[in-house]
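Asker: any chance you could fold what I've pasted below:
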Amino acid sequence: MCDYDVIVVGGGHAGCEAALAAARMGASVLLLTLGWESIADMPCNPSLGGPGKAQIIREIDALGGEMGRNIDHSYLQIRLLNTGKGPAVHSLRAQADKEAYQARMREVLKAQDNLKVEVSHVENVLIKREGQVKGVETREGERYRAPAVILATGTYLGGRVYIGNESYSSGPYGKPASIGLSEVLKRLGFRLARFKTGTSPRITRDSINVSKLKKQPGHILPFGFSFETHSTREDQVMCYLTYTTPRTHDIIKANLSLAPLYTGAIIGRGPRYCPSIETKIMEFPNRERHQVFLEPETRTGEIVYLGGLSTSLPLEIQREIVYSVPGLEDAEIARPGYAIDYDCLMPTEISPWLETKRVPGLFTAGQINGTSGYEEAASQGLMAGINAVLKLRGQEPFVLERSQAYIGVLIDDLVTKGTEEPYRMMTSRVEYRLTVRQDNADLRLTEKGFSLGLVPEERYEIFSKRRRQIEDELARLRTTIVSKDAATSNLLKEIGTSPVQSRTSLGDLLARPEVNYQSLAIIDKDRTELPEDVILVVEIELKYAGYIRKQMRQIERTRRLETRRIPTQTDYSQIHGLSREAQEKLSVVNPRSLGQAARISGVSPADIVALMAYLETGSHRRKHNSGDINEI
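Answerer: Okay, here's the model as predicted:
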């Protein structure tokens with residue numbers, strides 16, 4: 001039996017971030033994966049980012065994670081989405097070279113101190129007599145011992161693939177499913193759910209008629225996903241857009257009896273915001289067409305992904321569907337689409353720091369917690385790796401608040417509300433999205449990453465310089481008063497804004513919709529040259545200052561509830577005034593604070609008042625000796 005501090009099971013995006021975080025914090029880590037080819041795999045579309053997901057990647061990067069750097073080294077194309085909207089929803093999206101992405105991540109893992117990677121199939125979690133985790137056992141009978149284990153099993157946990165009437169036990173692309181772990185978790189008392197996801201057919205590049213497609217070029221930008229990246233590459237690959245046709249829709253409707261989603265073969269719930277083409281046709285019958293994105297999987301390979309055409313219909317029907325799409329009349333399917341359902345934990349079974357409530361020392365991250373998406377998985381892996389090490393050190397867990405990060409919203413939603421379908425992060429889920437933007441993730445989180453030991457000294461110094469530049473420029477613009485003389489007034493008219501009539505600063509001028517930082521240079525002669533990413537933050541902070549102040553006041557009000565802790569051993573059945581539903585829900589979730597309790601589905605404002613009264617009157621102290629109350 002081999003000894004480690006932390007064992008990570010699964011080499012997907014969650015497992016990679018968990019293993020790297022724990023190793024970088026000084027723990028000895030073993031990462032067990034089904035194969036080196038499974039490391040950081042992208043079995044669905046090899047793309048990262050988009051609304052909500054881009055913010056998560058930048059937060060991972062700000063905390064010292066690897067995903068942002070990895071995609072910046074390996075993308076085929078990068079775009080900035082939602083530029084016609086406000087900065088809160090501006091989001092990067094990149095199409096990855098999946099082979100290059102995986103290859104770089106493998107090299108990062110190999111080079112990381114304190115980290116060992118082995119190929120093995122874990123079938124059992126070993127538990128001490130007192131209930132604490134003590135390690136894992138593989139299918140081959142090998143035992144590895146550690147006081148902290150992180151399960152990051154993705155869609156492999158009890159995975160089953162569906163293509164038409166065919167179904168078989170499998171992980172993605174024919175890799176073996178993990179059956180034994182599902183049974184182990186059930187024996188330990190965990191409640192499991194069955195979720196579903198799917199993927200689109202792939203076609204060969206040379207069988208596409210690009211003359212019928214709309215070009216989707218990449219963008220040249222002064223930043224990437226990582227705060228270490230200061231410009232995007234020019235060697236970007238073209239992607240394309242086409243649409244389904246009435247013929248496509250007719251084919252699908254005529255063959256619904258062969259679709260596992262509609263025959264009852266698949267019992268798992270699929271992601272609401274990433275539906276199959278069958279679901280889109282049936283749920284939006286008045287839509288004449290749906291988008292189909294053609295996105296290459298590698299720079300030089302032949303395989304092209306058909307985004308928006310996810311299906312589990314039989315292969316022969318998939319061919320008919322593809323042929324009915326303009327530009328794909330002669331397309332050759334290299335790999336069919338499929339659906340896969342798999343086991344996952346009910347996320348209310350885990351704590352806000354991703355340790356399971358039933359088994360101390362056992363952490364979970366990624367799709368096993370009911371999420372969908374590479375980015376959501378990676379963020380949980382990072383947080384699980386951090387908290388596994390903090391637990392070994394006897395330190396307080398690291399939990400991000402909803403007002404601090406998208407990651408905080410993601411995890412709080414899961415552990416507080418649970419989910420009945422694969423959870424996907426979107427900007428609309430985040431109530432404070434104007435203050436937790438993708439451009440300021442480092443200002444929010446890099447200090448925390450540095451204190452945890454994940455951000456190296458050199459990078460922290462670069463971050464500190466950027467922070468000083470932002471603060472100094474904001475101060476300068478807010479305190480530099482604009483002259484009212486005729487010459488200045490004429491210059492202001494030149495840039496399309498009215499002359500100043502009262503005491504006005506450069507910052508006040510920049511807050512005007514028609515003025516931007518560059519146009520203001522005509523009257524701002526004393527400015528020094530600043531990086532474009534610094535200018536971006538400065539301009540947003542000034543243009544949206546009123547809204548940001550309002551949001552900060554809202555955050556401060558809710559923080560009072562977040563800081564009002566609830567003892568972990570509270571017996572909710574004994575609290576007068578709580579509804580029966582609230583007693584049940586509070587007992588399951590065991591919230592850390594009044595704020596978290598207020599977000600539990602089924603807990604009403606009246607229940608929160610009763611709980612607050614219970615805490616304020618000291619009833620909980622009369623029921624327990626003060627030394628027995630463990631306030632986290």
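Asker: using PDB, write out every CA atom in the helix or strand residue 487 falls within.
Answerer: Using DSSP states H and E, residue 487 sits in helix 486-494. C-alpha atoms of helix 486-494 as PDB (Å, rounded to 0.1, in the frame of the first residue of the first chain):
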ATOM      1  CA  ALA A 486     -12.800  78.100 -25.300                       C
ATOM      2  CA  ALA A 487      -9.900  75.900 -26.600                       C
ATOM      3  CA  THR A 488     -11.000  73.000 -24.400                       C
ATOM      4  CA  SER A 489     -14.600  73.500 -25.300                       C
ATOM      5  CA  ASN A 490     -13.800  73.300 -29.000                       C
ATOM      6  CA  LEU A 491     -11.800  70.100 -28.500                       C
ATOM      7  CA  LEU A 492     -14.700  68.500 -26.600                       C
ATOM      8  CA  LYS A 493     -17.000  69.400 -29.500                       C
ATOM      9  CA  GLU A 494     -14.600  67.700 -31.800                       C
END
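Asker: what comes up buried for it?
Answerer: Buried residues in helix 486-494, counted by 16 or more other Cβ atoms under 10 Å: 489, 491, 492. (Glycine included, C-beta is placed from N, CA and C.)
Asker: with stretch 393-411 instead?
Answerer: 397-411.
Asker: tell me the SS of the most centrally placed residue in the chain?
Answerer: Taking Cα atoms, centre = their mean, the centroid of the chain lies closest to residue 376, which sits 2.6 Å from it. Of the three states, residue 376 takes helix under DSSP: H, G, I helix; E, B strand; the rest coil.
Asker: show me what contacts the residue nearest to it when sequence neighbours are not counted?
Answerer: Leaving aside its sequence neighbours, residue 376 sits nearest to residue 425 (Cβ to Cβ, 6 or more residues apart in numbering; 5.6 Å). Listed by Cβ atoms under 8 Å, 6 or more residues apart in numbering, the contact partners of residue 425 are 52, 53, 55, 56, 371, 373, 375, 376, 406, 409, 410.
Asker: looking at the residues you listed, which is nearest residue 124?
Answerer: residue 371 (24.6 Å; Cβ to Cβ).
Asker: wait, doesn't that closest one sit right on residue 410?
Answerer: Yes - assessed by Cβ atoms under 8 Å, residue 371 is found in contact with residue 410 at 7.3 Å.
Asker: which neighbours do these two have in common?
Answerer: Both residue 371 and residue 410 are contacted by 380, 423, 425, under the criterion Cβ under 8 Å, 6+ apart.
Asker: ok but the first one is inside a helix, no?
Answerer: Okay, so that is residue 380. Yes - assessed by three-state DSSP, residue 380 belongs to a helix.
Asker: okay, the nearest residue to it once chain neighbours are set aside: pLDDT?
Answerer: Leaving aside its sequence neighbours, residue 380 sits nearest to residue 365 (Cβ to Cβ, 6+ apart; 3.9 Å). For residue 365, the pLDDT comes out at 98.
Asker: next: residue 528.
Answerer: For residue 528, the model assigns a pLDDT of 94.
Asker: now do residue 270
Answerer: In this model, residue 270 carries a pLDDT of 85.
Asker: can you check residue 620 too?
Answerer: With respect to pLDDT, residue 620 scores 52.
Asker: again, but for residue 177
Answerer: 87.
Asker: how about residue 171?
Answerer: Here, the pLDDT recorded for residue 171 equals 88.
Asker: I figured it hits residue 158, correct?
Answerer: No - using Cβ under 8 Å, residue 171 makes no contact with residue 158, being 9.8 Å away.
Asker: so what sits against both of the two?
Answerer: With Cβ under 8 Å, 6+ apart, residue 171 and residue 158 have common neighbours 177, 178.
Asker: sorry, back to before: from the contact counts, what lies against whichever helix or strand comes after the helix holding residue 487?
Answerer: For helix 486-494, the following helix or strand on the C-terminal side (DSSP H and E) is helix 506-510. Contacts defined by 3 or more Cβ pairs under 8 Å, 6 or more residues apart in numbering; DSSP states H and E place helix 506-510 against helix 457-479, helix 532-543.
Asker: just these: most buried one?
Answerer: Ranked by mean neighbour count, the helices and strands packed on helix 506-510 are led by helix 532-543 with a mean of 20 (mean count of other Cβ atoms under 10 Å).
Asker: okay, angle between the helix or strand just after that one and helix 532-543 too, please.
Answerer: Remark: after helix 532-543, the chain's next helix or strand is helix 545-562, criterion DSSP H and E. If you take axes from the mean of the first three to the mean of the last three Cα atoms, to 10 degrees, helix 545-562 sits at 90 degrees to helix 532-543.
Asker: list the buried residues of helix 545-562.
Answerer: So, applying 16+ other Cβ under 10 Å, buried residues of helix 545-562: 545, 548, 551, 555, 558, 561, 562.
Asker: from those residues, which two are the most distant?
Answerer: Maximum pairwise distance in the buried residues of helix 545-562, criterion Cβ to Cβ, is 26.1 Å, between 545 and 561.
Asker: which residues sit against the helix holding residue 487?
Answerer: 482, 498, 499, 500, 509, 522, 523.
Asker: next, the last one: phi, psi?
Answerer: To tie it back to what came earlier, the one meant is residue 523. Phi and psi for residue 523, reported as degrees, to the nearest 10, are phi -120, psi 0.
Asker: so what's it up against?
Answerer: Taking Cβ under 8 Å, 6+ apart as the contact definition, residue 523 lies against 482, 483, 488, 491, 492, 506.
Asker: redo these as JSON lines? Include pLDDT.
Answerer: Shown next, in JSON lines, are these (pLDDT from 0 to 100):
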{"residue": "482", "pLDDT": "93"}
{"residue": "483", "pLDDT": "91"}
{"residue": "488", "pLDDT": "91"}
{"residue": "491", "pLDDT": "92"}
{"residue": "492", "pLDDT": "92"}
{"residue": "506", "pLDDT": "96"}
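Asker: now, which of those residues sits nearest residue 116?
Answerer: residue 506 (55.4 Å).
Asker: which residues of the stretch 51-200 of the chain fall in strands?
Answerer: Applying DSSP state E, counting those that start in this stretch to the stretch 51-200 of the chain gives strands spanning 75-81, 91-96, 115-119, 122-127, 133-138, 143-145, 148-151, 160-163, 166-169, 192-199.
Asker: what's the most buried one of the ones you listed?
Answerer: It is strand 148-151: most buried of the strands of the stretch 51-200 of the chain by mean count of other Cβ under 10 Å, with a mean of 30.
Asker: packing partners for that strand?
Answerer: Secondary structure elements in contact with strand 148-151, counted by 3+ Cβ pairs under 8 Å, 6+ apart, are strand 6-9, helix 13-24, strand 133-138, strand 362-364, helix 374-393.
Asker: adding distance to residue 439, write those out as a markdown table.
Answerer: Shown next, in a markdown table, are these (distance: least, Cβ to Cβ, whole Å):
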| stretch | distance to residue 439 |
| --- | --- |
| strand 6-9 | 31 |
| helix 13-24 | 22 |
| strand 133-138 | 40 |
| strand 362-364 | 31 |
| helix 374-393 | 17 |
